[in-house]
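[1] no FASTA, just this:
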């Protein structure tokens, strides 16, 4: 089929926009600006095709809240302490070919939670926590799984499995695995109230429902470290994996991921 070259070039030009999100104007910002403008890209704040986010994982996670429903390519440049969402840092910036090659991007798993007729997203984890012991019933794909009693529950994506999830003794899930996990936080174990007490890894098509949430104090619903609402025994929480509209420049190489784990948790 014949395609007019002028039309193709016009389509490409509409995508040649970028923006940089950074707390300060550093040399890294200047280098990215120079790289992009020298290759024909223009700065665009409202609807850029490429958005560079400078900072650690914490900064990146807070920033992407505004991009869940936007078709944009995100490039995280780690200028903080931990950068699992980035293979680049201030000393190693991406090339223009790495930036513009669509095959380098992934459409990451995102958690979608529904509670109190409201929806909440998280790219790392969703937690139910209380200042006191909570009890609840857990269902997987509408099938009863267990009754839980303890400090709380954590649901993590595979990209979030190296964060709070790991600290809670959850499993690290490699990027090539289509899965997410549920972790019990400090379960109360005795003869009358027992639970499985091990992380459970689920396929991304599985759905989690949490009902009958009881506690003497308020139960907080927390997404990526931000308290969203309080849950009562009348509320139920539904959690599933969805795909956001944004794409992320992310390593698909297993060796690179293993090296990242070693550098972060073993070698320092």
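    Good, I have the coordinates. Every value quoted in this text rests on a predicted model; they were computed, and no experiment measured them. Numbering: from 1, shown residues only.

[2] Which stretches in the stretch 1-150 of the chain count as helices?
    Ranges of helices within the stretch 1-150 of the chain are 5-14, 27-38, 57-63, 96-100, based on DSSP state H, counting those that start in this stretch.

[3] and the third one, what other elements does it pack with?
    Using 3 or more Cβ pairs under 8 Å, 6 or more residues apart in numbering; DSSP states H and E as the contact criterion, the neighbours of helix 57-63 among helices and strands are strand 50-55. For glycine as for every other residue, the C-beta is placed from the backbone atoms N, C-alpha and C.

[4] buried set for the strand it packs on?
    Neighbour-count burial for strand 50-55 flags 50, 51, 52, 53, 54, 55 (criterion: 16 or more other Cβ atoms under 10 Å).

[5] and that strand, average pLDDT?
    Mean per-residue pLDDT for strand 50-55: 96.

[6] Need the contact partners of that strand.
    17-23, 26, 28-29, 32, 36, 41, 59-60, 63-64, 67, 72-80, 99 (Cβ atoms under 8 Å, 6 or more residues apart in numbering).

[7] The residues you listed, buried ones only, as a PyMOL selection?
    The following PyMOL line selects those of those that are buried, judged by 16+ other Cβ under 10 Å:
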select buried, resi 17+18+19+20+21+22+28+29+32+36+41+59+60+63+64+67+72+73+74+75+76+77+78+79+99
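
[8] From the contacts of strand 50-55, which land in strands?
    Per DSSP state E, strands hold the following members of the contacts of strand 50-55: 17, 18, 19, 20, 21, 73, 74, 75, 76, 77, 78.

[9] now for those residues, which pair is the farthest apart?
    17 and 78 (23.3 Å; Cβ to Cβ).

[10] List the residues that contact residue 202.
    For residue 202, the contact set (Cβ under 8 Å, 6+ apart) comprises 140, 179, 180, 181, 182, 208.

[11] list the buried ones in the strand or helix carrying it?
    Here residue 202 sits within strand 200-203, counting by DSSP states H and E. Within strand 200-203, the residues that count as buried by 16+ other Cβ under 10 Å are 200, 201, 202.

[12] Check the gap between the first one and residue 46 for me.
    What that stands for is residue 200. Between residue 200 and residue 46 the distance is 42 Å, computed by Cβ to Cβ, to the nearest Å.

[13] cool, the last one as well?
    In this structure, residue 202 lies at 38 Å from residue 46, with Cβ to Cβ as the measure.

[14] repeat for residue 83
    Going from residue 83 to residue 46 by Cβ to Cβ gives 27 Å.

[15] more neighbours, the two?
    Set side by side, residue 83 and residue 46 show more neighbours around residue 83, with 21 against 6, by other Cβ atoms under 10 Å.

[16] Number of residues surrounding residue 247?
    By other Cβ under 10 Å, the residues close to residue 247 number 20.

[17] how close does the residue nearest to it when sequence neighbours are not counted sit to residue 250?
    Excluding the flanking residues, the one nearest residue 247 by Cβ to Cβ, 6 or more residues apart in numbering is residue 105, at 4.0 Å. Noted for residue 105: a distance of 7 Å to residue 250, by Cβ to Cβ.

[18] higher neighbour count, these two?
    Remark: of residue 105 and residue 250, residue 250 carries more neighbours, 20 against 17, as counted by other Cβ under 10 Å.

[19] ok, the more buried one touching residue 103?
    No - the criterion here is Cβ atoms under 8 Å, and residue 250 misses it with residue 103 at 11.6 Å.

[20] Report the spatially closest residue to residue 47, excluding sequence-adjacent ones.
    In space, and not counting its chain neighbours, residue 47 is closest to residue 17: 7.3 Å by Cβ to Cβ, 6+ apart.
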